[in-house]
Each structure stands twice: as structure tokens, then as C-alpha cells.
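A.B. asks: need coordinates for the below:
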Amino acid sequence: MSIIANDPTTRLAFSMHENKGVYAVLIGSGLSKTAGIPTGWEITLELIRKAALASGAEEQIDWAAWYIKETGKQPSYSVLLEEVASTQSERRAIIQGFLEPTDDERERGVKLPTPAHRAIAEMIRSKHVRVIITTNFDQLMENALRDVGITPTVVSSHDQLLGAEPLTHTQCYILKIHGDYKDARILNTDVELDAYPPEFNAILDRIIDEFGLVIAGWSGEWDNALREAFMRAPSRRYPTFWISRGSLGPRAQELVDHRKAVVAKVSGADEFFEALNLKLQTLAENHQSDPASLDLMIAMAKRFMSKPEYNIRLDDLLTAEHRRLMVSLIPIFSDKGKLGKDAAKWKETYEYVTSRLAHLVAAIGRWGDDAAHAMVLSTIRDLVATAVKSPQGMFNVGWLRMRLYPTFLVFTAYATALARAARLKALRSLFESTVPIDERRISTLGEYFNPAYFESTMTAESWNEEGATKRHNPLSWRLAEQIVPSWAPSFAGMSNPQLLFARYEFYSSLFYHSRVTSEEALKLSVASPSTKLNLGGLKWDQDSKRTIEQDMEVPESIGSIVDAGLVPSEQYLELFMQGMKKINIWD
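C.D. replies: Coordinates of the predicted model:
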């Protein structure tokens, strides 16, 4: 399955990037909700409240229930407006009070353009969008556009449509199909919303036929005239994306089915449009043409690491990928039926679902700073905490340890990238960080996730490929030959991935021994005929081992390791190197 198929925002971003100006945005009242603009239902309840209080009624907790009890009818926005105001001008004046900010509201940022409005304005400035259809009476969209230097062509009435600049000649065309609150001819009631003027239908038909659509904040359940425009549209030249916070109603689903629309479930319009605009900016700057969302994610991460003020966005990106991984891992972690020998079969699954986050932290390891380091460390701690929290009734130790494999992969990707960037102080900080591995033990990450040690926590069968040649240190071999090379495009540049992993494994072995072997014990081991060092797969990669041994003859290489604190002293490092040179594959 394509990664991009499950990511509507990325799919839409690529489509908009490759088809500049062919998308229109339809926005409804939901988009203005976060600005403090009330919805029709909220205006309805407030109209009931004001009318009831004026007639002598007491304050109610539930004005809808009170209205039903008093009238025997369900509250209706359009009916109430008709009852309290007999003309369109009166209705406009009532609505104006709900839409224009007071001085206090303006100071508090209420009833002003939202991040979604501003993101759409940026997309218009970048020429990805040219047309906006809105059911809203407010001018939040126009204000957001003016803030970025764009004066839109606004059509909110029949006579404005006749005198407006042609659609094809405008930088931004806003069709306000229900009117504008400053014009008395706004459409409010069910009767007014049942049919549009023929000229409005003609321009709607053209837009829906010729443009792709992004729909946000419109329920699709009401406004028969707009619904009918969708239903009579003759073709689907470009896709329709429907942004929804929850489940769509049956009438909206009917439109989705008719248009074959892509429904994107989102947490909110602000987050969606900001993310969409950011991806468009990233695509423009990086000239992406291949719709591989992994490449886009890495490009976004690099952009965020370029300036400290983007740290929050980098944290958001990392958090989103962490959550994505958890969605995949939690069901696997909770499966009590996959125990014992079956645990070995899950490594491919873990490697697949962890790949995106591993690529991301690798990029951060290569180009990040101390603030980004803290973000990744927090993510690794959270992954450990989730893995060691055993489901009730789960007692198989091997299976529980296997749950730490995704964390091991993320840790290794980040640590290898730190090694690639020669960020040895950050690597030591990572190694020294402590976490509870189980209910009885706290360990440093550098000790527990040392490749050779982590491999030893389970049987060799967990790491050797079924039916393949049995290897020494099969986990290290798997990392060096298969996994790290797959991560390399995100962070390694032209480096040899196998040699890069060998360097990381060398640093890891240095730290591991400095924690478990004193200088005196190391001296005795080196002096003995059979020196024992836990080098992991590095012992068997003789070419990489020789290269590292040659590198360590350079004073600058020794100094960088000692200065970073990966070993307690230069003497300790010299002893380790003596022992490493004595070890060969025949020991």
C-alpha cells in the first residue's frame, strides 16, 4: 500500500503543487468558529434568550428546552429571525452585532482571522488557490487577504456579479453565496436559501465543474441550493477533499459519494490548513516531484532545523510521527497470542512501522541542535515507557523484551546520525540518559541499547533469518547491511553506511565498557592471552575495524572522544585500542 494513500494532506499538497491555481476552497461557518464567530445554532439560542428575557422570562440553563416547552416547536434560526425582524435590513443589523468585534474582543484577538484564514491567504498569495466560495457573512477571509497585500474581487450579490472582474482575470475571487453582513441582501431563512439567482447558479456550476475543491467548515446537511449545485455538476476534472472533524451526516455523505470526494479527518481547520500551507511551501522550496511523503517529511524537518523559531513546529512534527507509530504499535503490544517463538516474526513488522520515525530522528541527529536533542530524547523515553508497560497477563520475558525493539531502532537511527555528524557530546548525553527497563532495573540507554548487549537479551533465533546462514552477531549484521543503509538517504550523504554503523558501534562499545569495566580490569584483560572485548559485529567487519584503528592513531580523533566524555580518560581509550587490535575473527 502507498504511504501517501493514507495521508490526504500530503496527497492534496502534491496535487495543488503540480496543478497551481486549479483548486477552489469552500468554507462554511465551522471555519470561523475558533475566531469566536457564533454558529447559526448559537445565534438561534441567543435570539431565544434575548427575546425571552425581554418578555420577562427568567434566565435558563437550557434555552432550547425552554423554547420547546413554551412553543411546542424545535428552535429554528430562520424562523426566529423572521419573527424578530421582518425585513432584510433588520436581520442584517442583528447579525452584525454577532460578527463585528468590540474593542475588547479585538484586543483579545476575538472575531479576527484565524490561522486557517491566514493559511488560505498565504496559499492565494503563492497562487496555489484563486477561488473561494463561502457561506459566511463575516469578512474574516477578506481581512486575512488584505493583511498579505491582496485585494480580492468579492461577489456577494447579483449586481456585484454582473460588474465583477472576470473569474479568469482575478488574483483572488471570493463568491459569498449567502451575501455579506454589511449588505441588507443577505440570505438567512430557509426560503432564501432554497434557491440562488440563476447567475449565482451559473458561476457555481462553472467553479464546481472546472476546479478541484477543498471543503471545510460546511456540514453539507443544509442549504439546498448549494447542495443542488454539487449534485448537478457534470464532471470531476479535479479531486474534491472534504475536511471533517468528525463523522459526516447522511446528506453530506451523499455529496461525498456523488463527487467521489476524499474525506480527511482532522483535529481542526487551523491545524489542517497550516499543515497544508507548510507542505506547499516545502514542496516549492525543495522542488519535490516524487509524491513520497517520507521525503517531504525530511524536507520539512530540515526547514524547521534551519531557524530556532521553528522549534515548536519541529516538535509538532516529531510528536505527530511518534503518535503515528503508537497507532501501529499499541495493537501489536496488546496481542497476547503472539508469544514465545512467534516473537521473532515480529521484527519485520516493527522495522516497517518504525521506519518513518527512524528516518526523522536520523535527520535531526545529523542537523539538529541541543533543543532538538531534548525533543528526541523525550520521544525515546516515552517509547521505552510504553514498551515496558506490560499488558495484564503478559508474562513472556522474551516477548516483553521484543517490545523494546522499535525503541532500539529509533535510538540506533538517532545515535548513528549523531556519529555521522561528529556530535559526540550529544551522543554521550544520549548514552548516559537513564530509563526504567523493567520494574526492578534502571539502565542507561547506552548500556541497554548497545547492539551486542541488546542482541544478548534474547536468543540468537530472534535475529537470525529463518533458513539463512547463521551469523555471528546477527542483529549487528542486520543493522549494518540492511537497516542503516535504508535510513542513510535521510542523513548520511555520501558516507558508506556500513562503515558509518561500524563507527557508531565502536563508540557504543567504548561507552559500554567504560560503564561495566574499570581501568584496572581492562588492563588485566588486555594483558591476558585472550583479550575479551564486547565489539559486537565490528569484530567480524575486518575492513571497518582496520579503518577505525587507523583513525584512532590521529591525535584529533583521540581528543574528540576524550573531550566528549565517551571514555573516562585517554589512558582508558589507549588500553581499549590495544585490546581491539589484538582481537581477530579467530579468537
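A.B. asks: report pLDDT for the residue of the chain positioned farthest from its centre.
C.D. replies: In the chain, counting by C-alpha atoms, centre = their mean, P529 sits farthest out from the average C-alpha position, at 55.0 Å. We have a pLDDT of 77 for P529.
A.B. asks: which SS class is it?
C.D. replies: Put simply, P529 is coil when judged by DSSP: H, G, I helix; E, B strand; the rest coil.
A.B. asks: next: E549.
C.D. replies: Applying three-state DSSP: E549 is helix.
A.B. asks: domain assignment for this protein?
C.D. replies: What automatic domain parsing lists as the domains of the chain is 3-37+111-272, 40-107, 292-582.
A.B. asks: and of those, who's closest to L278?
C.D. replies: Closest to L278 of the domains of the chain is domain 292-582 (C-beta to C-beta; 6.8 Å). All C-beta spots, glycine's among them, are computed from the backbone N, C-alpha and C.
A.B. asks: chain center to that closest one: distance?
C.D. replies: The chain centre lies 24 Å from the centre of domain 292-582; the measure is C-alpha atoms, centre = their mean, to the nearest Å.
A.B. asks: thinking again about what came up before, the domains of the chain: lowest mean pLDDT?
C.D. replies: domain 40-107 (a mean of 81).
A.B. asks: centre of the chain to it, how far?
C.D. replies: 40 Å.
A.B. asks: now the element after the longest helix anywhere in the chain, going C-ward?
C.D. replies: Secondary structure of the chain read by DSSP state H shows that its longest helix is helix 311-333. Proceeding N to C from helix 311-333, the next assigned helix or strand is helix 347-367, under DSSP states H and E.
A.B. asks: helices and strands around that following helix, which ones?
C.D. replies: Applying 3 or more C-beta pairs under 8 Å, 6 or more residues apart in numbering; DSSP states H and E, we find helix 347-367 packed against helix 293-305, helix 311-333, helix 370-388, helix 405-420, helix 484-487.
A.B. asks: tell me which of those helices sits most buried.
C.D. replies: Of these, the one with the most neighbours on average (mean count of other C-beta atoms under 10 Å) is helix 405-420, at a mean of 26.
A.B. asks: circling back to that earlier point, to S86, which of the helices and strands packed on helix 347-367 lies closest?
C.D. replies: Among the helices and strands packed on helix 347-367, the nearest to S86 by C-beta to C-beta is helix 311-333 (50.4 Å).
A.B. asks: outside of the closest one itself, list whatever touches it.
C.D. replies: With contacts defined as C-beta atoms under 8 Å, 6 or more residues apart in numbering, helix 311-333 is touched by 278, 297, 300-301, 304-305, 338, 346, 349-350, 353-354, 356-357, 360-361, 364, 371-372, 375-376, 379, 382-383, 386-387, 391, 403, 406.
A.B. asks: show me what V262 is bridged to.
C.D. replies: With DSSP bridges as the criterion, V262 is bridged to F241.
A.B. asks: that one reaches T240, doesn't it?
C.D. replies: Yes. Taking C-beta atoms under 8 Å as the definition, V262 is a contact partner of T240 at 7.1 Å.
A.B. asks: ok so, going back, so can I have a markdown table of the helices and strands packed on helix 347-367 showing distance to V79?
C.D. replies: Listed next are those as a markdown table, based on distance: least, C-beta to C-beta, whole Å:
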| stretch | distance to V79 |
| --- | --- |
| helix 293-305 | 48 |
| helix 311-333 | 44 |
| helix 370-388 | 52 |
| helix 405-420 | 57 |
| helix 484-487 | 62 |
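A.B. asks: the ones you listed: which one's closest to E519?
C.D. replies: helix 405-420 (24.1 Å).
A.B. asks: in the following helix or strand past the closest one, what counts as buried?
C.D. replies: The C-terminal neighbour of helix 405-420 among helices and strands, as given by DSSP H and E, is helix 424-432. With burial defined by 16 or more other C-beta atoms under 10 Å, the residues of helix 424-432 counted as buried are L424, K425, A426, L427, R428, S429, L430, F431.
A.B. asks: roughly how far does the residue nearest to the fourth one when sequence neighbours are not counted sit from Y504?
C.D. replies: Going back to what we said before, that points to L427. Nearest non-adjacent residue to L427, counting by C-beta to C-beta, 6 or more residues apart in numbering: L418, 4.3 Å away. L418 sits 8 Å away from Y504 when distances are taken as C-beta to C-beta, to the nearest Å.
A.B. asks: try G249
C.D. replies: 54 Å.
A.B. asks: pick out whichever of these two has more residues nearby.
C.D. replies: Higher neighbour count among G249 and Y504: Y504, with 23 against 13, using other C-beta atoms under 10 Å.
A.B. asks: Provide the secondary structure category for V435.
C.D. replies: V435 ends up strand, using three-state DSSP.
A.B. asks: from L377, how far out is the closest residue to it other than its chain neighbours?
C.D. replies: In space, and not counting its chain neighbours, V435 is closest to V384: 4.6 Å by C-beta to C-beta, 6+ apart. Between V384 and L377 the computed distance is 11 Å (C-beta to C-beta).
A.B. asks: also A195?
C.D. replies: A195 is 61 Å from L377, by C-beta to C-beta.
A.B. asks: equivalent analysis for K425, please.
C.D. replies: Taken as C-beta to C-beta, the span from K425 to L377 is 13 Å.
A.B. asks: again, but for A144
C.D. replies: Distance, A144 to L377, using C-beta to C-beta: 38 Å.
A.B. asks: ranges for the strands of the protein?
C.D. replies: 23-27, 129-134, 153-155, 173-176, 212-216, 240-244, 262-265, 434-436, 442-444 (DSSP state E).
A.B. asks: export these as JSON lines, with columns for mean neighbour count.
C.D. replies: As requested, these are exported to JSON lines (neighbours: other C-beta atoms under 10 Å):
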{"stretch": "strand 23-27", "mean neighbour count": "25"}
{"stretch": "strand 129-134", "mean neighbour count": "24"}
{"stretch": "strand 153-155", "mean neighbour count": "20"}
{"stretch": "strand 173-176", "mean neighbour count": "23"}
{"stretch": "strand 212-216", "mean neighbour count": "23"}
{"stretch": "strand 240-244", "mean neighbour count": "24"}
{"stretch": "strand 262-265", "mean neighbour count": "16"}
{"stretch": "strand 434-436", "mean neighbour count": "15"}
{"stretch": "strand 442-444", "mean neighbour count": "15"}
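A.B. asks: how about these in JSON lines, adding distance to M231?
C.D. replies: Shown next, in JSON lines, are these (distance: least, C-beta to C-beta, whole Å):
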{"stretch": "strand 23-27", "distance to M231": "15"}
{"stretch": "strand 129-134", "distance to M231": "16"}
{"stretch": "strand 153-155", "distance to M231": "22"}
{"stretch": "strand 173-176", "distance to M231": "18"}
{"stretch": "strand 212-216", "distance to M231": "14"}
{"stretch": "strand 240-244", "distance to M231": "13"}
{"stretch": "strand 262-265", "distance to M231": "18"}
{"stretch": "strand 434-436", "distance to M231": "57"}
{"stretch": "strand 442-444", "distance to M231": "63"}
